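> sequence first, predicted model second:
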Amino acid sequence: MDNRPIGVFDSGLGGLTALRQLQQVLPNEDIVYFGDTGRVPYGTRSKETIRRYTREDCALLLNENVKYIIAACGTVSSVAQDELARLPVPATGVVQPTAAKAVATTQNGRIGIIGTAATVQSAAFEKALLAIQPNLHITATACPLFVSLVENGWIDEEDPVTVLTVRRYLAQIKQAGVDTLILGCTHFPLLAPIIQKELGDHVHLIDSGRETALLCAQQLGERDGLADKNTGRCSFYVSDRAEGFSRVAEIFLGRSVQENVQTVPPERMKQKG
Ligand code: DGL
């Protein structure tokens, strides 16, 4: 048994969709969440910058004595997998578990991927999918504006700007006849109802947070690393704007945030690491 917390991080608020899933799968585990709200978005940045941010984010979580790290960010998972592999605690990104679920789900071998520009450019999801099953037809589209729409709370199913943006980004994927779509960015589950409506009910949407939470539970279980005394406490850290965090976090978590939210400026993150 291991009663240390699980660390979860994202460039901002998107990772909270994964945290929500993790709390459903492992309700007794304590969790430390870090959202790098001072430096979001990651998806438009260079590989080197994303890798450096990943090292700093993980150093902050390790300083909180976490037993496992989840990179709840499609961009980090796609671009900085090797940084995660080097950590002194077990860690996972969202790519492998999500790809495995997508391959298990598709019937017609046609899979779509949506993510940030950095995620799509890295082709990490494609490589993971093709490593499991080589004869897939894959269509990937970068949807950078989705992140801003979600961070601004423009997620209403009737919002005309969001509906039109979804339609425009997904046109190629729709035309490709996919039956499975990977939501390759942890912000995107909040747009799932609009995406589902646009593509039709026959398309399965794969939520990367859910699959990653299940993998974390499995890996901790295998190494006798689950907690036996914890109560499912959450600590939240952000690198900017703690005041606004609780309000917007409610949308992502589907519950009100009563916990204290602490701000950790990037300079301190470096010292801590
Ligand atoms: N949540 C991040 C991801 O999953 C996207 C936001 C960003 O660009 O930082 O890729």
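Thanks, I have the structure now. Residues are numbered from 1 along each chain as shown.

> residues in contact with residue 34?
Neighbour list for residue 34: 7-10, 57, 60-61, 237-239, 264 [criterion: C-beta atoms under 8 Å, 6 or more residues apart in numbering]. All C-beta spots, glycine's among them, are computed from the backbone N, C-alpha and C.

> repeat that with 7 Å
Residues near residue 34 by C-beta atoms under 7 Å, 6 or more residues apart in numbering: 9, 57, 60-61, 237.

> can you check residue 74 too?
Residue 74 touches 94, 115-116, 119, 184-186, 208, counting by C-beta under 7 Å, 6+ apart.

> just those residues: which are in helices?
Here DSSP state H is the test, and the contacts of residue 74 give 119, 208 as lying in helices.

> now, which of the contacts of residue 74 sits nearest residue 225?
Of all the contacts of residue 74, residue 225 sits closest to residue 94, with 19.7 Å by C-beta to C-beta.

> is it true that residue 13 touches residue 36?
No: look at residue 13 against residue 36 with C-beta atoms under 7 Å: they stay out of range, at 10.1 Å.

> residue 182 touches residue 206, doesn't it?
Yes: the criterion here is C-beta under 7 Å, and residue 182 meets it with residue 206 at 5.0 Å.

> between the two, what contacts are shared?
With C-beta under 7 Å, 6+ apart, residue 182 and residue 206 have common neighbours 98, 102.

> of the contacts of residue 34, select the buried ones using a PyMOL command.
Filtering the contacts of residue 34 down to the buried ones (16 or more other C-beta atoms under 10 Å) takes a single PyMOL command:
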select buried, resi 9+57+60+61+237
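
> among the contacts of residue 34, which two are most distant?
Farthest-apart pair in the contacts of residue 34 is 57 and 237; separation 9.8 Å (C-beta to C-beta).

> tell me which parts of this structure are close to the ligand?
Taking C-beta under 6 Å from any ligand atom as the criterion, the chain approaches the ligand at residues 10-12, 14, 40-43, 73-75, 116, 119, 147, 185-187.

> low-confidence ranges in this protein?
For the chain, applying pLDDT under 70 flags the ranges 266-273.

> swap in 80 and give it another go.
Low-confidence segments of the chain, defined by pLDDT under 80, span residues 265-273.

> for it, what spans make up the strands?
Using DSSP state E, the strands of the chain run over residues 6-10, 31-35, 68-71, 91-92, 110-115, 137-142, 180-183, 204-207, 234-238, 261-263.

> quick one, helices of this structure?
With DSSP H as the criterion, the chain has helices spanning 15-25, 47-63, 74-79, 81-85, 95-105, 117-122, 124-132, 144-151, 160-175, 192-199, 208-222, 242-253, 266-272.

> pick the most deeply packed of the ones you listed.
The highest average neighbour count among the helices of the chain, using mean count of other C-beta atoms under 10 Å, belongs to helix 74-79 at a mean of 31.

> any idea how far that helix is from the chain center?
Taking C-alpha atoms, centre = their mean, to the nearest Å, one finds helix 74-79 lying 9 Å from the centre of the chain it belongs to.

> higher neighbour count, residue 182 and residue 206?
Between residue 182 and residue 206, residue 182 has the larger neighbour count (other C-beta atoms under 10 Å), namely 32 against 25.

> ok, so what distance separates residue 29 from residue 67?
9 Å (C-beta to C-beta, to the nearest Å).

> show me which of the two is the more surrounded one.
Counted by other C-beta under 10 Å, residue 29 and residue 67 do not tie: residue 29 has more neighbours, with 26 against 19.

> could you report the neighbour count for the closest residue in space to residue 116 that isn't next to it in sequence?
The shortest distance from residue 116 to any non-neighbouring residue, by C-beta to C-beta, 6 or more residues apart in numbering, is to residue 43 (2.5 Å). The number of residues packed near residue 43 is 28, by other C-beta under 10 Å.
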